[in-house]
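1. Pasting the sequence and the predicted coordinates here, then a few questions.
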Amino acid sequence: MGMRKMRWALQELEAPTEEPVTLADAKLHLRVDGDEENTWIERAIRAAREFCEETQQRAYVSRRFRMSLERWPCGRIIVLPKPPLQSVEVITYILADGTVETLDPSQYVVDAASEPGTIYLAPGASWPAGQLAPGMPIRVEFTAGYGAAAAVPERVKQAILLLVGHWYENRETVLVGSISRSMEFAVEALLWQDRFWYSGPEG
């Protein structure tokens, strides 16, 4: 009987510093001139970006994440979610006695050019052998995303604008965050080509 699938969790350590679509872009798309609805539009932009990121399983504007693992992988790789990967900042792990250790960067190689981004054990290296603390004692902190808002693909921005426009035109009948089936198809058509399927940290 094989080992069960590894449990893992992902935490966003910091929110993006900007949205892929600016307030001015959205207001132009909506043909809104005044500032009275700025707060509503900004909230709709955030919700639309979150919907699109979840659909594609990607990060758009770069930011830091922490992935926690319950154990070291059975193989020699750790596959990271939320492409595109920019960098891996640190890998730490907690031993059974509570000691926090940092995995020496010389023990692994980061492939940020491929999707998904992957951490490989260096030749001749192995995962630490000490007994780990219970829970999810291994933490990988990494930065993911395309970069600044200007680097986010245009079809993603168009999908965000479509969603914002849909919610703006249907405010009396739908809540921000819900979409009609026809709108879902239109948005997914823009996002499908670069949709990412994450199968877990062990690949």
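-> It's in.

2. wait, what's in contact with the residue nearest to residue 130 when sequence neighbours are not counted?
-> Distance criterion C-beta to C-beta, 6 or more residues apart in numbering; nearest residue to residue 130, sequence neighbours excluded, is residue 95 at 5.0 Å. C-betas here are computed from N, CA, C, even on glycine. Counting by C-beta atoms under 8 Å, 6 or more residues apart in numbering, residue 95 makes contact with 101, 130, 131, 132, 133, 137.

3. buried sites along the helix or strand hosting residue 65?
-> For residue 65, the enclosing helix or strand under DSSP states H and E is strand 63-69. Neighbour counts over strand 63-69 (16 or more other C-beta atoms under 10 Å) mark 63, 64, 65, 66, 67, 68, 69 as buried.

4. Note down every partner strand of that strand and its orientation.
-> Strand 63-69 sits in its sheet next to strand 8-12 (antiparallel), strand 138-144 (antiparallel), going by DSSP bridges.

5. Mind giving me the packing neighbours of the biggest strand by length in the chain?
-> Of all the segments assigned as strand in the chain under DSSP state E, the longest by residue count is strand 85-94. Helices and strands touching strand 85-94, by 3 or more C-beta pairs under 8 Å, 6 or more residues apart in numbering; DSSP states H and E, are strand 100-102, strand 108-111, strand 138-144.

6. roughly how far is the longest one from the heart of the chain?
-> The chain centroid and the centroid of strand 138-144 are separated by 11 Å, computed with C-alpha atoms, centre = their mean, to the nearest Å.

7. Identify the residues contacting it?
-> Outside strand 138-144, the residues touching it (C-beta under 8 Å, 6+ apart) are 13, 59, 62-72, 78, 80-94, 117, 119, 132.

8. Could you identify the helix or strand that succeeds that strand?
-> As assigned by DSSP H and E, the chain's next helix or strand after strand 138-144 is helix 154-169.

9. before we move on, what about the second one?
-> Moving toward the C-terminus from strand 108-111, the first helix or strand encountered (DSSP H and E) is strand 118-121.

10. Mean neighbour count, the helices and strands packed on strand 85-94: which tops it?
-> Stretch with highest mean neighbour count among the helices and strands packed on strand 85-94: strand 138-144 (a mean of 21; mean count of other C-beta atoms under 10 Å).

11. Next, the angle strand 85-94 makes with it.
-> 160 degrees (axes from the mean of the first three to the mean of the last three C-alpha atoms, to 10 degrees).

12. Can you give me the pLDDT of residue 172?
-> Residue 172 is assigned a pLDDT of 58 by the prediction.
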